[in-house]
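1. pasting the sequence and the predicted model now:
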Amino acid sequence: MIAIKNEQELFQMRQACKITAAVRALAGEMVKPGVSTKEIDRAVYEFIVGQGAKPSFLHYNGFPNSTCISVNSTVIHGIPGGYVLQEGDIVSVDVGAYYKGFHGDCAATYACGKISEEAQRLIDVTKQSFFEGIRFAKYGHRVSDISHAIQTYVESNGFSVVRAFVGHGVGAQLHEEPEVPNFGAPGRGPRLLPGITLAIEPMVNVGTPEVKILKDRWTTVTADGKLSAHYENTVLITDGEPEILTVAEGL
């Protein structure tokens with residue numbers, strides 16, 4: 001069942017999303033050569049807790065950290081550790097904060113120092129595909145209208161969308177109905193209604209859309225070893241234009 005949030009619930013959720021957006025920005029600023037992924041994760045944890053919230057990802061289904069940090073060919077669910085970022089890496093940071101009963105969820109891919117033209121274009125196309133998708137995140141459209149717009153834009157730029165993982169509803173639970181794929185024909189899936197909140201998150205690969213999960217059961221990498229990027233925001237369906245909730249103003 002798809003949850004429709006009322007005004008009081010949305011007030012709480014906006015607070016969670018502001019914290020989440022602020023900590024994404026903090027993590028992004030830390031993406032520099034010589035910084036370890038563990039250092040970024042620690043800063044994310046301390047910031048979220050300092051805001052009176054809890055990291056949504058910490059111990060979620062057994063995930064060991066507060067942040068998913070995915071470098072280069074890692075698509076999602078990278079586990080922070082001793083890896084020290086190097087010039088030319090691209091680094092996807094996925095964060096969530098749980099505050100007064102609601103989650104915020106967002107991600108972005110950042111350049112570590114100077115990166116290749118292809119890597120920068122991948123980051124740019126991935127981010128723009130999100131904005132192409134939310135043009136259809138409006139009352140009366142269907143979920144797959146978002147999906148189709150993302151896929152069309154990504155593939156028109158010569159990249160591929162990951163199919164094994166999708167976006168999702170978000171709110172009182174980190175993952176709620178409906179699923180929000182980044183591919184598919186338009187005009188399918190649930191109809192969008194005001195009060196629905198979605199985590200829309202294109203995951204885009206340079207090469208094949210195929211991925212594989214490593215032995216740690218979390219780290220998901222491209223099957224061909226080529227680069228991947230990720231961009232995500234929590235979005236509210238309204239009577240008019242969609243509202244991106246994961247913005248950090250006011251903190």
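-> Looks like it arrived, so ask away.
2. need the helices for the stretch 1-150 of the chain, in chain order.
-> 7-30, 37-50, 117-134, 143-156 (DSSP state H, counting those that start in this stretch).
3. output these as TSV; include the columns mean pLDDT.
-> Listed next are these as TSV, based on pLDDT from 0 to 100:
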stretch	mean pLDDT
helix 7-30	98
helix 37-50	98
helix 117-134	98
helix 143-156	98
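4. just send those helices back as TSV, with distance to Thr238 too.
-> From N, CA and C alone the C-beta is placed, and that goes for glycine too. Formatted as TSV, the entries for these read as follows, by distance: least, Cβ to Cβ, whole Å:
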stretch	distance to Thr238
helix 7-30	10
helix 37-50	27
helix 117-134	12
helix 143-156	15
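5. right, so these: which one is the most enclosed?
-> For the helices of the stretch 1-150 of the chain, the stretch with the most neighbours on average is helix 143-156, a mean of 23; neighbours defined as mean count of other Cβ atoms under 10 Å.
6. skip ahead from that helix and say which helix or strand is next.
-> Taking DSSP states H and E as the definition, the helix or strand that follows helix 143-156 towards the C-terminus is strand 160-161.
7. which strands or helices does whichever helix or strand comes after that next one pack on?
-> Downstream of strand 160-161, the first helix or strand assigned by DSSP H and E is strand 167-169. Counting contacts by 3 or more Cβ pairs under 8 Å, 6 or more residues apart in numbering; DSSP states H and E, strand 167-169 is packed against strand 176-180, strand 197-200.
8. pLDDT weak spots in the chain?
-> Within the chain, the set of residues satisfying pLDDT under 70 comprises 249-251.
9. what about the closest residue to Gly28 other than its chain neighbours, neighbour count?
-> Take Gly28 and drop its neighbours on the chain: the residue closest to it by Cβ to Cβ, 6 or more residues apart in numbering is Tyr110, 4.7 Å away. Other residues near Tyr110 number 20, with proximity taken as other Cβ atoms under 10 Å.
10. tell me how far Tyr110 lies from Val170.
-> Distance of Tyr110 to Val170, computed by Cβ to Cβ, to the nearest Å: 22 Å.
11. of the helices and strands packed on strand 167-169, which is nearest Ile90?
-> strand 197-200 (20.4 Å; Cβ to Cβ).
12. just checking, what packs against the closest one?
-> If you count contacts as 3+ Cβ pairs under 8 Å, 6+ apart, strand 197-200 packs onto helix 117-134, helix 143-156, strand 167-169, strand 176-180, strand 233-236.
13. could you dump the ones you listed into CSV with distance to Val49 added?
-> Putting these into CSV (distance: least, Cβ to Cβ, whole Å) gives the following:
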stretch, distance to Val49
helix 117-134, 28
helix 143-156, 33
strand 167-169, 25
strand 176-180, 24
strand 233-236, 20
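14. of all those, which one is nearest Arg24?
-> Counting by Cβ to Cβ, and looking across all of these, nearest comes strand 233-236 at 9.3 Å.
15. paired strands for whichever helix or strand comes after the closest one, with orientation please.
-> If you walk from strand 233-236 toward the C-terminus, the next helix or strand you reach (DSSP H and E) is strand 243-244. For strand 243-244, the paired strands and their directions (DSSP bridges) are strand 233-236 (antiparallel).
16. what's the offset of the strand it pairs with from the middle of its chain?
-> How far strand 233-236 lies from its chain's middle: 10 Å, per Cα atoms, centre = their mean, to the nearest Å.
17. over to stretch 123-143?
-> Here the centre of stretch 123-143 is set off from its chain's centre by 13 Å, with Cα atoms, centre = their mean.
18. so which of the helices of the stretch 1-150 of the chain is nearest Ala185?
-> Across the helices of the stretch 1-150 of the chain, the minimum distance to Ala185, taken as Cβ to Cβ, is reached by helix 143-156, at 6.2 Å.
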